[in-house]
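Q: Need a 3D model of the following:
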Amino acid sequence: MTEARARGLVLGAALGDAAGVVRGKWPVDGPLRVGVATQLGAFTVEGFVRASVRWSHKGICHPPSVVRRAYWRWGVLQGVVPGAEELDGWLAEVPVLRERRGSAPATVAALTAKHGSPAPQSRGAHALTRALALGVPRALGSGDRFGATIREVAALTHGAPDAQEAAFRAADLLAHCLSGEDPLPHLPAALDALPLPPGAAEVLSAAPGGGPSAAELALLAPDATAVSALLGGLYVFTRFPGPAEVEAALRFAAAAPDGPSVAATAGAFLGAAHGVDVLPVALLGRLELAWELDVLARDLLREMTGSPGGGEFVPARDRYWTRRYPGH
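A: Numbering: from 1, shown residues only. Okay, the predicted model is just below:
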């Protein structure tokens with residue numbers, strides 16, 4: 001995996017989210033605002049890095065619990081849960097993360113529920129879109145390493161099995177893109193594990209590069225569920241396979257019934273497959289949280305491949321790492 005692909009995944013997802021927010025009609029100037037899924041995605045990455053730091057220093061960790069704590073920090077910043085005096089880590093200092101960028105009802109319900117309560121039986125797209133970056137650890141793992149973790153991260157707030165499966169399948173297919181492989185040979189196995197609308201498998205199995213159809217996109221992604229986000233994102237990815245087609249692909253994806261989730265998923269796949277350099281600089285330069293997300297993408301890859309913060313018996317190579325990413 002290259003750093004360019006990891007950065008492309010994270011920034012491509014955010015750019016797709018921003019495209020969905022404006023339904024593909026970019027404003028002529030000013031910042032391109034992202035949605036709440038991108039905010040949550042940032043905390044997913046930060047939480048996963050912190051879980052890895054904890055593992056290196058303590059030798060024991062349950063990563064989904066650390067990621068849940070990251071979502072709690074988002075909730076504190078948003079004013080939906082108490083505890084501002086306990087915030088730490090650099091991401092909590094980013095002002096934009098205090099601003100409302102849409103609703104995340106299943107996440108808020110899970111964060112405010114009594115401890116030990118089951119997650120809401122939500123099938124919502126946030127189970128998938130906030131976890132797209134977990135394709136990075138999935139690509140770096142061996143066998144089914146991290147597979148259960150990805151499902152558990154989705155299950156923190158979305159109790160529906162198909163939402164959890166969609167989150168895992170998205171990360172798994174993205175891992176192939178990050179590794180420089182064609183993900184499409186692995187598509188049938190993913191589709192077999194998901195509830196599909198009638199005719200969906202045939203549409204997605206058509207030859208890549210065929211002309212996109214708004215009707216086919218609406219068939220595959222009729223609503224704001226995680227399964228729709230994955231199917232719609234994959235459809236756009238197959239219909240706009242070239243690296244020069246990213247902007248057109250995101251505009252098309254943004255017209256889906258739930259444009260932000262479909263375009264975010266499509267952007268993640270395109271960025272992971274082609275690398276960050278295919279994303280339009282004129283848009284990235286205006287993208288809200290672009291710098292923060294780029295840092296997170298780089299840091300996730302650094303942590304997964306080199307543990308800059310050291311460990312119990314290994315000195316740190318970056319003396320600020322554990323201040324930025326405390327292991328809890």
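Q: So which elements touch the one helix or strand residue 263 maps to?
A: Per DSSP states H and E, residue 263 falls inside helix 259-274. For helix 259-274, the packing partners by 3 or more C-beta pairs under 8 Å, 6 or more residues apart in numbering; DSSP states H and E come out as helix 3-21, helix 36-58, helix 126-129, helix 161-178, helix 226-239, helix 246-253. For glycine as for every other residue, the C-beta is placed from the backbone atoms N, C-alpha and C.
Q: what does the last one rub up against?
A: Helix 246-253 is contacted from outside by 12, 15-16, 19-20, 24, 212, 214, 217, 232-233, 236-237, 239-240, 259, 262-263, 265-267, 270-271, 274, 278-280, 283, using C-beta atoms under 8 Å, 6 or more residues apart in numbering.
Q: Please produce a ChimeraX select command covering the buried subset of the residues you listed.
A: Buried residues among the contacts of helix 246-253 (16 or more other C-beta atoms under 10 Å), as a ChimeraX selection:
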select :12,15,16,19,20,24,212,217,232,233,236,237,239,240,259,262,263,265,266,267,270,271,274,278,279,283
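Q: Just the terminal-to-terminal distance for stretch 212-229.
A: 16 Å (C-alpha to C-alpha, to the nearest Å).
Q: List the buried residues in that stretch.
A: 212, 216-229.
Q: With respect to residue 64, which of those is nearest?
A: residue 226 (16.6 Å; C-beta to C-beta).
Q: distance of the closest one from residue 24?
A: From residue 226 across to residue 24, the span is 21 Å (C-beta to C-beta, to the nearest Å).
Q: returning to that earlier point: in the buried residues of stretch 212-229, find the pair that's most separated.
A: 212 and 226 (21.8 Å).
Q: What helices and strands are in contact with the helix or strand of the chain with the lowest mean pLDDT?
A: Lowest on mean pLDDT, DSSP states H and E among the helices and strands of the chain sits helix 200-204, with a mean of 90. Judged by 3+ C-beta pairs under 8 Å, 6+ apart, helix 200-204 is in contact with helix 187-192, helix 214-220, helix 226-239.
Q: Contacts only, for residue 279.
A: Shown in contact with residue 279 (C-beta under 8 Å, 6+ apart): 8, 11, 12, 15, 246, 271.
Q: Excluding covalently adjacent residues, which one is nearest to residue 322?
A: Leaving aside its chain neighbours, residue 322 sits nearest to residue 309 (4.6 Å; criterion: C-beta to C-beta, 6 or more residues apart in numbering).
Q: what about the one you found, how many neighbours?
A: 27 (other C-beta atoms under 10 Å).
Q: From the contacts of residue 279, pick the one nearest residue 162.
A: For these, the closest approach to residue 162 (C-beta to C-beta) belongs to residue 12, at 24.3 Å.
Q: Looks like the closest one contacts residue 271 (just checking).
A: Yes. Counting by C-beta atoms under 8 Å, residue 12 touches residue 271, with 2.5 Å between them.
Q: Could you pull out the buried residues of stretch 61-79?
A: For stretch 61-79, by 16+ other C-beta under 10 Å, it's 61, 63-64, 66-68, 70-78.
Q: Sort out which one of those residues lies nearest residue 138 for me.
A: Checking those one by one against residue 138 (C-beta to C-beta), the nearest turns out to be residue 63, at 12.5 Å.
Q: where's the closest one relative to residue 148, distance?
A: Using C-beta to C-beta, residue 63 is found at 10 Å from residue 148.
Q: Quick one: residues contacting the residue minimising distance to the centre of the chain.
A: For the chain, residue 132 is the residue whose C-alpha lies nearest the centre (C-alpha atoms, centre = their mean; 2.6 Å). Residue 132 makes contacts with 9, 10, 13, 41, 170, 171, 174, 264, 265, 268, as judged by C-beta under 8 Å, 6+ apart.
Q: Tell me how many other residues crowd residue 88.
A: Counted with other C-beta under 10 Å, residue 88 comes out at 14.
Q: Excluding sequence neighbours, find me the nearest residue to it.
A: Residue 88 sits nearest to residue 326 (C-beta to C-beta, 6+ apart), 5.4 Å away.
Q: wouldn't the one you found be in contact with residue 53 here?
A: Yes. Assessed by C-beta under 8 Å, residue 326 is found in contact with residue 53 at 7.4 Å.
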